[in-house]
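> With the sequence up front, the predicted model follows.
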Amino acid sequence: MKYKFTALKTGLLISLLMGCACCNLRRNTVEQIQIIPADTVKSLFSNHESNDTPVEKKMRDQGLVDIAEQDSSIAVRLVYATPYNFMGKRLYHGLTKAFMLPETAGMLIDAKNRLKAIRPDLNLLVYDAARPLSVQREMWDMVKGTAMKDFVANPNNGPGMHNFGAAVDLTLMDCTGQPLPMGSCYDFFGNEARITDEQQLLDSARITRRELENRLLLRRVMTEAGFTTISEEWWHFNIMPTAEARKILTPID
């Protein structure tokens, strides 16, 4: 297992700066990239038993909750707490827990229960939740003026849903802890990430039937729990419209 990860390391690091860890690799290697060496698992998964860092304490003081404390069966792997993301560097410092509004957490637990009723062998895996505005600005500075700008909220237009703890990025995970194939990896900046043209993607063999079914299952349990989707990203779900959030919620800085 460790060998598979090492063999892909060179290609992975090169492709990070191109928008996605797996965008230049064949789709059938996506699951391999997600395999994590045992000695790094602790740093990639939320440890809700650890003491809060100053960043995490600030989030908690603002009324956000750690999803692992609300439901420890929901897995957390904060991508931006690692260098394995589209920016190729660690963006979250002192943040390894998935904080979110209590309303977001309650809806997410509802979605997990709905998933378990359909597929007891599957679970939810959270990639991102509450995100400080400072990180949002850093992301935007990297993509502005490029073709990737449609996939990152411009903080100059107002805080995005992650900046309120009112959004969650996630996928489905199997009973071995591996993400299911979804047709693109997380944070893939391309048409395969969009949910608007999935039939065309299927017809042109850019995603498979299994990948589409996995997306539809994730979308089903999340929307039935009250979440809404966005067209650009199969992994992103909101608890309310952005305009409403900006009126009634306080962003995290």
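Now that the structure is in, tell me what you want to look at.

> Can you show me the strands along the stretch 151-253 of the chain?
Secondary structure of the stretch 151-253 of the chain (DSSP state E, counting those that start in this stretch): strands at 167-173, 228-229, 236-238.

> can you map out the helices along this structure?
All helices of the chain, identified by DSSP state H, fall at 2-16, 30-33, 41-44, 54-61, 67-70, 102-118, 133-143, 198-203, 209-224, 242-248.

> Nearest to Trp234, out of the ones you listed?
For Trp234, the closest of the helices of the chain is helix 209-224, at 5.1 Å, according to Cβ to Cβ. Every C-beta, even on glycine, is put in place using the N, C-alpha and C of the backbone.

> Off-centre distance for the closest one?
Relative to the centre of its chain, helix 209-224 is centred 15 Å away, using Cα atoms, centre = their mean, to the nearest Å.

> residue contacts, Asp253?
Contacts of Asp253 were listed using Cβ atoms under 8 Å, 6 or more residues apart in numbering, and they are 132-134.

> Oh, that last question was meant for Val126, not what I typed.
Contacts for Val126 (Cβ under 8 Å, 6+ apart) come out as 67, 74-78, 98, 108, 168-170.

> picking up where we left off before, let me have the strands of the stretch 151-253 of the chain in CSV, extended by distance to Trp140 and mean pLDDT.
Rendered in CSV, the data for the strands of the stretch 151-253 of the chain read as follows (distance: least, Cβ to Cβ, whole Å; pLDDT from 0 to 100):
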stretch, distance to Trp140, mean pLDDT
strand 167-173, 16, 98
strand 228-229, 22, 98
strand 236-238, 16, 98
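
> Under the pLDDT cut-off, which ranges of the stretch 151-253 of the chain? List them.
Along the stretch 151-253 of the chain, no part satisfies pLDDT under 70.
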